[in-house]
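In: Return atomic coordinates for the entry below.
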Amino acid sequence: MRLSQVLDELARDLNDAEEGHPFQTWTRGQLLAYINEAQCNAFVLNSALFVRTVIMQLAPGREQQPCECSILQQIIGQTDAAGNLLDGYLPRRSDAATYSWTKPGCPAPSGPFRLTGYNFDPLQGGAFAVTPPVPPNVKVYVKARCAVMPETLATSNLDDDCCGPGNGSDSDCRIITAAKQWVLFRALMVEEQSVSSVQTAMIHLKLYFALLNVQFSRQLAQQIGALSSPAAVAAIQTARVAL
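Out: Just a heads-up that it's a prediction; the model follows:
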């Protein structure tokens, strides 16, 4: 399913798809902004849905801070540039073992440079350390499992495939499905509020959390409530007029 199709479905759900005059109440840009908001919230609430396998090139030295990885789960092993494992799985070592290496990080005369282990602190995002340190002027790659922050969607992505057979994983589809519920929640809370519209909005909000496997709680409702406060609603309505 293309992103443009997702927006078309949302317009129909919001009764904003009049033939020849769609997106009169809610522009594509606004709906995309809500989808981006939904994805960012989803990453915070359940980053496991965003786990991917990535190939990254390491920097010289022990400490690594790759931009490809928002939250590191595992370094699978050292690879070539194409992602083929060279020597099987790389063991995770303790801090003491990682930082006890004092020898220079130079390639052995008898063969190419090989890593022997790694370590990381889950609280440090994607940062990790390797043993031995990567020497200068040597290209070293590893395969890792990471939670990757979703990219911000724009109108230039309308023809991109975002979900469906061969175009994204099952988690991609779940995220988009959940995002649609978030968009409907946000839209209904900004519209002229009535008891029925607020009740319907809360149903969409609860579905959003359910699709993310997140337990809906009063605390979460309070946090989300800030997004539908009178000040937030007024700001969004002002933005709508300006578009």
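In: CA atoms only: put the helix ranked longest in the chain into PDB for me.
Out: Counting by DSSP state H, the longest helix found in the chain is helix 170-190. Extracted C-alpha coordinates of helix 170-190, given in PDB (Å, rounded to 0.1, in the frame of the first residue of the first chain):
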ATOM      1  CA  ASP A 170       4.400  -7.200   9.500                       C
ATOM      2  CA  SER A 171       5.500  -4.600  12.100                       C
ATOM      3  CA  ASP A 172       5.500  -1.900   9.400                       C
ATOM      4  CA  CYS A 173       1.800  -2.800   8.600                       C
ATOM      5  CA  ARG A 174       0.900  -2.700  12.300                       C
ATOM      6  CA  ILE A 175       2.600   0.700  12.800                       C
ATOM      7  CA  ILE A 176       0.700   2.200   9.800                       C
ATOM      8  CA  THR A 177      -2.600   0.700  11.000                       C
ATOM      9  CA  ALA A 178      -2.000   2.100  14.500                       C
ATOM     10  CA  ALA A 179      -0.900   5.400  13.000                       C
ATOM     11  CA  LYS A 180      -4.300   5.700  11.300                       C
ATOM     12  CA  GLN A 181      -6.000   5.300  14.600                       C
ATOM     13  CA  TRP A 182      -3.900   8.000  16.100                       C
ATOM     14  CA  VAL A 183      -4.700  10.400  13.200                       C
ATOM     15  CA  LEU A 184      -8.400   9.800  13.700                       C
ATOM     16  CA  PHE A 185      -8.100  10.500  17.400                       C
ATOM     17  CA  ARG A 186      -6.200  13.700  16.800                       C
ATOM     18  CA  ALA A 187      -8.600  14.900  14.100                       C
ATOM     19  CA  LEU A 188     -11.700  14.200  16.100                       C
ATOM     20  CA  MET A 189     -10.300  16.000  19.200                       C
ATOM     21  CA  VAL A 190      -9.600  19.100  17.100                       C
END
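In: Do I have it right that residue 178 meets residue 42?
Out: Yes - contact criterion C-beta atoms under 8 Å: residue 178 and residue 42 qualify, at 6.3 Å. For glycine as for every other residue, the C-beta is placed from the backbone atoms N, C-alpha and C.
In: Now do the phi/psi pair for residue 57.
Out: Main-chain torsions, residue 57, degrees, to the nearest 10: phi -90, psi 130.
In: How about the contacts made by it?
Out: Residue 57 makes contacts with 81, 139, 140, 141, as judged by C-beta atoms under 8 Å, 6 or more residues apart in numbering.
In: at 6 Å what do you get?
Out: Listed by C-beta atoms under 6 Å, 6 or more residues apart in numbering, the contact set of residue 57 reads residue 141.
In: For it, name its beta-bridge partners.
Out: Note on residue 57: beta-bridge partners by DSSP bridges are residue 141.
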